[in-house]
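need the 3D shape of this:
(chains A, B, C and D)
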There are 2 protein chains.
Amino acid sequence: MVEIARRAGVSTTTVSKVLNHRPGVGEKTRARIQRLIEQSDYVQNHAARHLRKGRSGLIDLVLMRLEGGYDLGIMQGVQEVLEQSGYRLVVFATNEDEATERLWLRRLLDQSSDGVLLLLPYERVGIAKTLLEQGIPFVAIGDRNEPTTAFPTIGSTIWLGGYTATEYLLSLGHRRIAIITGPLHLTTSRARLAGYREALEQAGIPVDPALICEGSYLLGDGIRQTEALLDLPDPPTAIFAGNDAQAAGVYQALYRRRIRIPEEMSVIGFDDVTYAAHMAPPLTTIRQPLEEMGRMAAEMLLRLIAGQPLETHHVELATSLVIRESCGPPRRGPLGRETAS
Amino acid sequence: MVEIARRAGVSTTTVSKVLNHRPGVGEKTRARIQRLIEQSDYVQNHAARHLRKGRSGLIDLVLMRLEGGYDLGIMQGVQEVLEQSGYRLVVFATNEDEATERLWLRRLLDQSSDGVLLLLPYERVGIAKTLLEQGIPFVAIGDRNEPTTAFPTIGSTIWLGGYTATEYLLSLGHRRIAIITGPLHLTTSRARLAGYREALEQAGIPVDPALICEGSYLLGDGIRQTEALLDLPDPPTAIFAGNDAQAAGVYQALYRRRIRIPEEMSVIGFDDVTYAAHMAPPLTTIRQPLEEMGRMAAEMLLRLIAGQPLETHHVELATSLVIRESCGPPRRGPLGRETAS
DNA sequence: GATCGTAAGGTTAACGTTTACTCTAGGTTC
DNA sequence: GAACCTAGAGTAAACGTTAACCTTACGATC
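Numbering: from 1, shown residues only, chains lettered A, B, ... in the order given. Next up, the predicted model:
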């Protein structure tokens, strides 16, 4: 910069003014400096600007684990917005480890982040509280375990999703519908379950506790719980998986026993991650608009950082039913080990 | 920091020495300052250190697109290493767009990155060249289109993978083996194909050009090309997909026609991404040790940044055959639309 | 023609650290 | 006991940029 100033025969102040599009520079001088800047391969030093202006141009996204489902959809949305805004995205995975969380939090406080996107349904070390105290702008994505208005949140209509999924299965004629939930200490899991119950009750069907299984949103749970369900004396005709990963597990377990989808068993998922459409058969699922959630969260955060007021502190996007090919009318009769042809 | 210095009755210099574990401070003073630091919630300002020391503590990972397959495996490995080292991971997707690439490159030059991991098989704007010129440490992951020794590269034995996959199918008795490659302008795609050819030739089987389809590593290509293959007068008994995403496409196309895997068609993939094991049936595939590649790349980069010499500039990790359930002996007779029972 | 306003540009300090260098006091060596 | 060394601590400059404030000159206004 000094170099440019020298070459233009002006002070660095003037160059800085040009660079930052601030007034106080004559038209001719501005043009001349502008040209010089473009000719040289000068790039503003990030650290110095950061130090001086107090903005790092970085946004942290914290999540538990890079998994390629839910998280990836969100990340794509976030990335899209940030790319345009000039902010850079820092990704951090806590691995659900307390020490790692603490480490990250400590590092965050060095003012190297302008804002944070929290993709954690719950946390161990009071991240939200700390961020609030430190006045670091942040937005939480996905329903938080503690409903709060203290900070902005982006969610989706989970309860309704659970209701819709169940209602859809009912409409196909199913009466014995199993659900494999997420961990029930998470509100978001309980919301799905509540929607499921509500739909059943409205249809006048008693809720059978044997058909409610708890998973932890992992594929393995889908496998395990499906096997348990199949071993029931009166197995369900449809399975509602708490997320698409678990639905993939259901597929796998059914495949093992050579039970066909949807002829012998209907399966519905939740999330509509990228691979849901790619499963065989393509998975019918409740769509959460993940990318859009990511986009909105990023946009809200940017507004927060810019000090602009938010219209609402909690945005809830609509879930929707995506009908593909994994659900059909219930089978008649028991599950045969050999498929009826 | 000033505050701490004041409270300890010393100069900031001394505090700085303590913080950076440098000599020149008495044992007692050091302990006293140490205690004060721990008591206060002081965190070193990132920007100032960055400015002074010239290190940002940031590493950029550039990729074309967040996809959740190959890229995710690598990212996980990278993330793991960086987390421990104290570096933060900045993720950037070029979307294969020239303007976006250029934008990123320009931003990178503001010295806000200590190093770069390049997850691009090819690029539009000479990223590698620029990084080289600017002396920014970087490591390329995955085979580059231009074989080079100018910068360090992490790859895997792709050719051998292609060979092994084909050989495995041959060993099962297949004679008509199709391959759906990646874009043939990429060396890495051609390497798979070359391995395939070699295996066939060694087995004395003529290469049938009709069985070689070009895809672009996307699921859709798997679907499209499989359909083309099935419409052949003499369709193959096995399909070798250039990557697992394409294999998923193959699954989908086969599902549509109710062709069973592996009874009527064997499918083998490439990469062994997370979801390969979760497909139904679980996908037999050539494993690239993605996480390890990510880890190694990150470690090499850190060493580069630290100015330590590298043992080798090109590391090639071994691919391996992961046998799951998508391959079996070839079917006898033609493909029936109705499955033979 | 004196006064004022304004636009263009410069001076200087500051952002929070680190580091090269300096100073001081106390101990060691002959 | 003088010369020298060393450890502990401090001073001040520097990293590259920005912003508050100041200066100058020129034109407009009455």
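
mind showing which ranges of chain A have poor pLDDT?
Residue ranges of chain A with pLDDT under 70: A:336-341.

now the strands: where do they sit in it?
The residue ranges that make up the strands of chain A, judged by DSSP state E, are A:58-63, A:88-93, A:115-119, A:138-141, A:153-156, A:177-181, A:212-214, A:238-241, A:266-271, A:284-287, A:314-317, A:320-322.

just the residues contacting the third one, thanks.
Spelled out, that is strand A:115-119. Residues outside strand A:115-119 that contact it (Cβ atoms under 8 Å, 6 or more residues apart in numbering or on different chains): A:59-64, A:71, A:74, A:78, A:108, A:127-128, A:131, A:136-142, A:297-298, A:301-302, A:304-305. (C-beta placed from N, C-alpha, C; glycine too.)

circling back to that earlier point, and among the strands of chain A, the most buried is which?
Most buried of the strands of chain A by mean neighbour count (mean count of other Cβ atoms under 10 Å in any protein chain shown) is strand A:238-241; its value is a mean of 32.

okay, the strands of chain A in CSV with distance to residue B:97 next?
Listed next are those as CSV, based on distance: least, Cβ to Cβ, whole Å:
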stretch, distance to residue B:97
strand A:58-63, 21
strand A:88-93, 17
strand A:115-119, 23
strand A:138-141, 26
strand A:153-156, 27
strand A:177-181, 40
strand A:212-214, 44
strand A:238-241, 36
strand A:266-271, 28
strand A:284-287, 27
strand A:314-317, 27
strand A:320-322, 29
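
in JSON lines, list those strands along with distance to DNA strand D.
Formatted as JSON lines, those follow (distance: least, Cβ to the nearest atom of the strand, whole Å):
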{"stretch": "strand A:58-63", "distance to DNA strand D": "16"}
{"stretch": "strand A:88-93", "distance to DNA strand D": "17"}
{"stretch": "strand A:115-119", "distance to DNA strand D": "19"}
{"stretch": "strand A:138-141", "distance to DNA strand D": "24"}
{"stretch": "strand A:153-156", "distance to DNA strand D": "31"}
{"stretch": "strand A:177-181", "distance to DNA strand D": "51"}
{"stretch": "strand A:212-214", "distance to DNA strand D": "53"}
{"stretch": "strand A:238-241", "distance to DNA strand D": "51"}
{"stretch": "strand A:266-271", "distance to DNA strand D": "42"}
{"stretch": "strand A:284-287", "distance to DNA strand D": "43"}
{"stretch": "strand A:314-317", "distance to DNA strand D": "32"}
{"stretch": "strand A:320-322", "distance to DNA strand D": "45"}
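
what sits against the residue nearest to the spatial centre of chain A?
Most central in chain A under Cα atoms, centre = their mean is residue A:74, positioned 4.1 Å from the mean C-alpha point. Residues in contact with residue A:74, defined by Cβ under 8 Å, 6+ apart, are A:119, A:141, A:290, A:291, A:293, A:294, A:297.

among the strands of chain A, which is nearest residue A:37?
When those are ranked by distance to residue A:37, counting by Cβ to Cβ, first place goes to strand A:88-93 at 22.2 Å.

can you list the residues of chain A near DNA strand D?
Within chain A, the positions near DNA strand D by Cβ under 7 Å from any atom of the strand are A:1-2, A:12-13, A:16, A:19-20, A:22, A:24, A:42, A:44-45, A:47-49, A:51-53.

apply 10 Å and report the result again.
On the criterion Cβ under 10 Å from any atom of the strand, DNA strand D has as its neighbours in chain A the residues A:1-5, A:11-20, A:22, A:24, A:42-55.

just the buried members of those residues?
Those of the residues of chain A next to DNA strand D that meet the buried threshold are A:1, A:4-5, A:14-15, A:17-19, A:42-51, by 16 or more other Cβ atoms under 10 Å in any protein chain shown.

so which of the residues you listed are also by chain B?
When Cβ under 8 Å from any Cβ of the partner chain is applied, the members of those adjacent to chain B are A:43, A:44, A:45, A:46, A:47, A:48, A:50, A:51.

so which pair among these is furthest apart in space?
Based on Cβ to Cβ, the longest span within these runs between A:43 and A:51 and measures 16.2 Å.

residues near whatever residue of the stretch 201-341 of chain A ends up closest to DNA strand C, how many?
Scanning the stretch 201-341 of chain A for proximity to DNA strand C using Cβ to the nearest atom of the strand identifies residue A:305 as nearest, at 18.2 Å. The number of residues packed around residue A:305, counting by other Cβ atoms under 10 Å in any protein chain shown, is 17.

no more questions from me, cheers.
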